[in-house]
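[1] Coordinates for the following, if possible.
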Amino acid sequence: MNKTELVAAIASKTELSKKDAEKALKAFTDVIAEELKKGEKIQLVGFGTFEVSERAAREGRNPRSGEVMNIPASKAPKFKAGKALKDIVNEK
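    This is a model prediction of the structure:
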């Protein structure tokens, strides 16, 4: 499913226009991104948790040349599915 299909699905479930559904989806993703940028954690009970994971600086190797290189510390967004979402996905 791509973004256009997701917007159409949201519009049909909520009886909103596609334009309004797209605005709602954009607002949702913007708020998630802003909170993660601040280092906050977003918990949606029954769905999952969005949080920021810290990656330490480390040494790596260039696979082509074998040359050792330094990989700087970074932050990465992480999503952990909640129990209810896991249960839905694993239903038979």
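
[2] And the residue lying closest to residue 57 once chain neighbours are set aside, how far from residue 53?
    Spatial nearest neighbour of residue 57, chain neighbours left out: residue 73 (4.3 Å); criterion: C-beta to C-beta, 6 or more residues apart in numbering. C-betas here are computed from N, CA, C, even on glycine. Separation of residue 73 from residue 53 (C-beta to C-beta, to the nearest Å): 11 Å.

[3] got the CA coordinates for the longest helix seen in the chain in PDB?
    Longest helix in the chain, counting residues (DSSP state H): helix 18-37. Extracted C-alpha coordinates of helix 18-37, given in PDB (Å, rounded to 0.1, in the frame of the first residue of the first chain):
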ATOM      1  CA  LYS A  18      -9.500  12.400   0.200                       C
ATOM      2  CA  LYS A  19      -8.200  16.000   0.700                       C
ATOM      3  CA  ASP A  20      -9.100  16.000   4.400                       C
ATOM      4  CA  ALA A  21      -7.800  12.500   4.900                       C
ATOM      5  CA  GLU A  22      -4.500  13.500   3.300                       C
ATOM      6  CA  LYS A  23      -4.300  16.600   5.700                       C
ATOM      7  CA  ALA A  24      -5.000  14.300   8.700                       C
ATOM      8  CA  LEU A  25      -2.300  11.800   7.600                       C
ATOM      9  CA  LYS A  26       0.200  14.700   7.000                       C
ATOM     10  CA  ALA A  27      -0.600  16.200  10.400                       C
ATOM     11  CA  PHE A  28      -0.100  12.700  12.000                       C
ATOM     12  CA  THR A  29       3.300  12.100  10.400                       C
ATOM     13  CA  ASP A  30       4.400  15.700  11.100                       C
ATOM     14  CA  VAL A  31       3.600  15.500  14.800                       C
ATOM     15  CA  ILE A  32       5.300  12.100  15.100                       C
ATOM     16  CA  ALA A  33       8.400  13.500  13.400                       C
ATOM     17  CA  GLU A  34       8.500  16.700  15.500                       C
ATOM     18  CA  GLU A  35       8.200  14.700  18.800                       C
ATOM     19  CA  LEU A  36      10.900  12.200  17.800                       C
ATOM     20  CA  LYS A  37      13.100  15.100  16.800                       C
END
